[in-house]
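**Q** no sequence on this one, just coordinates:
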């Protein structure tokens, strides 16, 4: 069955520093992969997605992610974080077994230090 | 264009009570979804509807029923609420009708507490 692992529950980064959030997936076929961000008390907003083509994907708010099939990873990066990036980040893969929907990781809580 | 809207925003129920969570989208999307979010668990799919008139179970359907009232609206019903159903419920929609790469758009959520 498909699954998504986000190894880091919490990450603390200084403002202006670079960021990398890790995501590993398990999926039998070609995965469709997504990164969503959730600000406190809000719904989820799509940052970027990968489904084919160039393995380096650019998203909104200066984020990018790289799909590495050999490592089953889809890590999210940002060269310089801003205090407004503090939020919960979710990696997701399309659900398998003929079902629609997304399978989400448990999330990474990003804290920005001044 | 409001996107995906959910009502109510907050609800407190007693064990055994019933209620319906409402979801509507104005983006002419075909597929709609209900997820629940629990602390440390991410989001889990409860039910989805690939088109008007069809519904299918997701990962955690027990204790819930859904109705795709029309293309715009997709409701989630708890017939006899249990404390284990305390959660934040999110509705989402997307244009495609199959498990494709198109984006799911999420509503703001309903925070439900069952005492």
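**A** Sure thing, it's come through. The shown structure was predicted, so the numbers you read here are calculated from the model rather than taken from an experiment.
**Q** average pLDDT for stretch A:102-114?
**A** Computed over stretch A:102-114, the mean pLDDT rounds to 94.
**Q** could you see whether chain B lies near that stretch?
**A** Yes: Stretch A:102-114 lies within reach of chain B by CB under 8 Å from any CB of the partner chain, at A:102, A:103, A:104, A:105, A:106, A:107. All C-beta atoms are positioned from the backbone trio N, CA, C, and that covers glycine.
**Q** is it true that residue B:75 touches residue B:67?
**A** Yes: using CB atoms under 8 Å, residue B:75 is in contact with residue B:67, at 5.0 Å.
**Q** which of those two has more neighbours?
**A** More neighbours surround residue B:75 than the other of residue B:75 and residue B:67, with 17 against 14 (other CB atoms under 10 Å in any protein chain shown).
**Q** who does the host helix or strand of the more buried one touch, helix- and strand-wise?
**A** Using DSSP states H and E, residue B:75 sits within strand B:74-78. With contacts taken as 3 or more CB pairs under 8 Å, 6 or more residues apart in numbering or on different chains; DSSP states H and E, strand B:74-78 sits against strand B:19-25, strand B:31-38, strand B:42-49, strand B:65-68, strand B:87-94.
**Q** try 7 Å this time
**A** Here strand B:74-78 touches strand B:19-25, strand B:65-68, going by 3 or more CB pairs under 7 Å, 6 or more residues apart in numbering or on different chains; DSSP states H and E.
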